[in-house]
Each structure stands twice: as structure tokens, then as C-alpha cells.
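1. Any chance you could fold what I've pasted below:
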Amino acid sequence: MAKLTSLKAEKRQLDRRAADHIRSHILDGIFPANSRLLETQLSDELEVSRGTVRSALAQLAGEGLVKQVAFTRWEVSGSSSTDGWEIYTLRGVLEGLGARLAAANVTAEDAERLRTICAEMLRAISEGRFQDATDIDFDLHAAIIELARHRRLAEQHRMILHQVRFHMVQSGFLPKDYDELISDHKQLIEAVIAGDADRAEKLARSHNEGEVRLLTASLQQGHPSDRIDVENV
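-> Residues are numbered from 1 along each chain as shown. Sure, this is the predicted structure:
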């Protein structure tokens with residue numbers, strides 16, 4: 001007698017799909033920081049069980065986008081200058097390591113891909129498509145991390161980028177100097193392409209140090225009680 005197909009894999013896939021939908025609403029600012037997430041409402045809107053929603057929310061909690069309060073309710077995570085500082089300083093360490101490892105692995109085909117992504121970002125900026133430019137910026141850093149050939153690093157970096165995007169949306173943060181942004185990225189990818197591991201790591205870290213000052217200052221405007229001295233970050 002033929003066996004029925006297991007639904008376990010389908011259920012796990014449903015959990016991930018539910019998490020993807022909720023995550024996109026958080027990253028797009030539809031669910032703002034500290035807003036309550038009701039399992040019943042999410043279950044009805046996504047047309048899945050509360051157990052599936054609960055599993056999805058637990059996944060997002062592991063990514064730092066959601067928190068469970070006193071084991072009774074779910075909320076979108078908060079957004080403060082302290083959060084921004086922690087996330088960007090950690091991002092700098094991950095991307096510094098990624099750039100160092102990528103410099104040892106880059107091929108001519110990889111070099112062309114990095115330069116193409118950078119050119120796309122420049123085009124988006126020149127056309128005033130700043131949100132597209134931000135998306136392409138993320139794609140460029142993810143591409144460098146991919147060249148590191150380090151699975152665990154890539155997994156942690158993916159989670160950090162979700163949190164970076166969340167805090168950027170919550171603060172309305174955008175770079176102030178796009179010429180400098182392009183210059184930073186061009187120098188970084190050329191160091192990676194040249195196989196200069198030391199310079200690539202240094203540039204990746206310094207790029208994040210500059211952005212953390214801007215982001216923490218932007219977040220601090222809405223949270224004056226935060227005490228981080230952005231001049232000494």
C-alpha cells in the first residue's frame with residue numbers, strides 16, 4: 001500500500017512563508033517599532049493556523065525583528081540609537097571579515113559582477129531612485145559576503161542586514177552624501193578585486209563606522225534620552 005506524502009516539509013515551508021510576509025511588513029515600516037502583533041489577526045489575514053503564525057514570529061524573534069513580552073504577547077522590536085550602534089558595529093566586524101576572505105577568492109567574473117552592481121547603484125542615484133540605490137547597496141555587500149565562501153558568516157550577515165534595514169526605515173535614514181557613498185564602495189570593491197585583504201577589511205570597517213554615526217544621530221533625534229556619543233563611536 002502506497003504511503004501518504006508527509007506534510008512536515010509543507011508545514012515548515014508555510015512557517016517560512018508566513019515569516020517572509022510578516023518580515024516584509026516590518027521592513028517596509030507597515031508594522032512600526034514597538035507595535036503589537038496579534039496572533040489571531042495575523043492568522044486570519046494570512047489564512048494559516050495560529051501555530052504557524054507563532055512559529056513564524058519565533059523565527060523573526062531569532063532575527064531580532066520581533067520580541068515576546070512576558071510570554072503573553074508579541075511586539076515589533078524597538079528602535080533606538082543604542083540598537084543602531086550595536087547593529088552597525090557588529091555589521092562592521094562581519095563585513096570586514098567578509099571583505100578579507102572575499103579578496104582571496106575573487107575571480108575575473110566576480111570582479112565584473114561587483115563593478116556592475118556598483119554601476120547600477122550609481123545609475124539609481126543619478127536618476128533620484130534613492131530607495132532602489134539602498135536596495136542595490138545591500139545587494140553589493142551581500143555579494144562580497146558571498147565571495148567569502150563562509151556559510152555561517154553569510155547567515156549572520158543576512159540577519160544583520162534585516163536589522164539594519166529595519167532601523168533605517170524606522171528612523172527615515174538615508175545617506176547624506178551620495179558621492180562619498182559611491183566613492184567608498186568603489187574603493188572597497190577595487191581592494192577586493194585586487195586581492196588586497198588588509199585594505200579591503202579596513203575599508204569595509206571604516207564605511208560602517210561612517211554610517212553608524214549617521215544612523216545613530218538620526219535615531220537619537222527621536223530618542224533624546226539615549227546617551228550614545230556619536231562623535232566617539
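2. can you pull the contacts of the residue most central in space within the chain?
-> Centroid-nearest residue in the chain: residue 161, 1.3 Å away (criterion: Cα atoms, centre = their mean). Residues in contact with residue 161 (Cβ atoms under 8 Å, 6 or more residues apart in numbering) are 91, 138, 141-142. All C-beta spots, glycine's among them, are computed from the backbone N, C-alpha and C.
3. now, which of those residues lie within helices?
-> Members of the contacts of residue 161 lying in helices (criterion: DSSP state H): 91, 138, 141-142.
4. With neighbour count, distance to residue 123 and pLDDT added, can I get those residues in CSV?
-> Below are the ones in helices among the contacts of residue 161 laid out as CSV (neighbours: other Cβ atoms under 10 Å; distance: Cβ to Cβ, whole Å; pLDDT from 0 to 100):
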residue, neighbour count, distance to residue 123, pLDDT
91, 23, 25, 93
138, 14, 16, 94
141, 24, 18, 96
142, 16, 19, 97
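5. Using JSON lines, lay out those together with distance to residue 103.
-> Formatted as JSON lines, the ones in helices among the contacts of residue 161 follow (distance: Cβ to Cβ, whole Å):
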{"residue": "91", "distance to residue 103": "18"}
{"residue": "138", "distance to residue 103": "20"}
{"residue": "141", "distance to residue 103": "14"}
{"residue": "142", "distance to residue 103": "16"}
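6. Residue 51 - how many residues pack around it?
-> Using other Cβ atoms under 10 Å, residue 51 has 12 other residues around it.
7. again, but for residue 148
-> Neighbourhood size, residue 148 [other Cβ under 10 Å]: 22.
8. Same check on the one 5 residues further on?
-> Applying the criterion other Cβ under 10 Å, we find 17 residues in the vicinity of residue 153.
9. Please report phi then psi for residue 74.
-> Residue 74 adopts backbone torsions of phi -110, psi 140, taken as degrees, to the nearest 10.
10. what is it paired to in the beta sheet?
-> Residue 74 has these beta-bridge partners by DSSP bridges: residue 37, residue 68.
11. Now do it against residue 22, distance only.
-> For residue 74, the distance to residue 22 equals 10 Å [Cβ to Cβ, to the nearest Å].
12. where do the contact lists of the two overlap?
-> Contact criterion Cβ under 8 Å, 6+ apart; residues shared by residue 74 and residue 22: 37, 57, 66.
13. quick check, nearest of the residues you listed to residue 173?
-> Checking the shared contacts of residue 74 and residue 22 against residue 173 by Cβ to Cβ gives residue 66 as the nearest, at 20.7 Å.
14. Quick check on the closest one: phi, psi?
-> Here is the backbone geometry of residue 66 (degrees, to the nearest 10): phi -130, psi 150.
15. show me what contacts the residue nearest to it when sequence neighbours are not counted?
-> Distances taken as Cβ to Cβ, 6 or more residues apart in numbering put residue 60 closest to residue 66, at 4.1 Å, once the chain neighbours are dropped. By Cβ under 8 Å, 6+ apart, the residues touching residue 60 are 19, 22-23, 26, 66.
16. In ChimeraX, how would I select the buried members of these?
-> In ChimeraX, the members of those classed as buried (16 or more other Cβ atoms under 10 Å) are selected with the following command:
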select :19,22,23,26,66
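17. Reformat the contacts of residue 60 as TSV; add distance to residue 153 and secondary structure.
-> Formatted as TSV, the contacts of residue 60 follow (distance: Cβ to Cβ, whole Å; DSSP: H, G, I helix; E, B strand; the rest coil):
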residue	distance to residue 153	secondary structure
19	22	helix
22	26	helix
23	21	helix
26	24	helix
66	24	strand
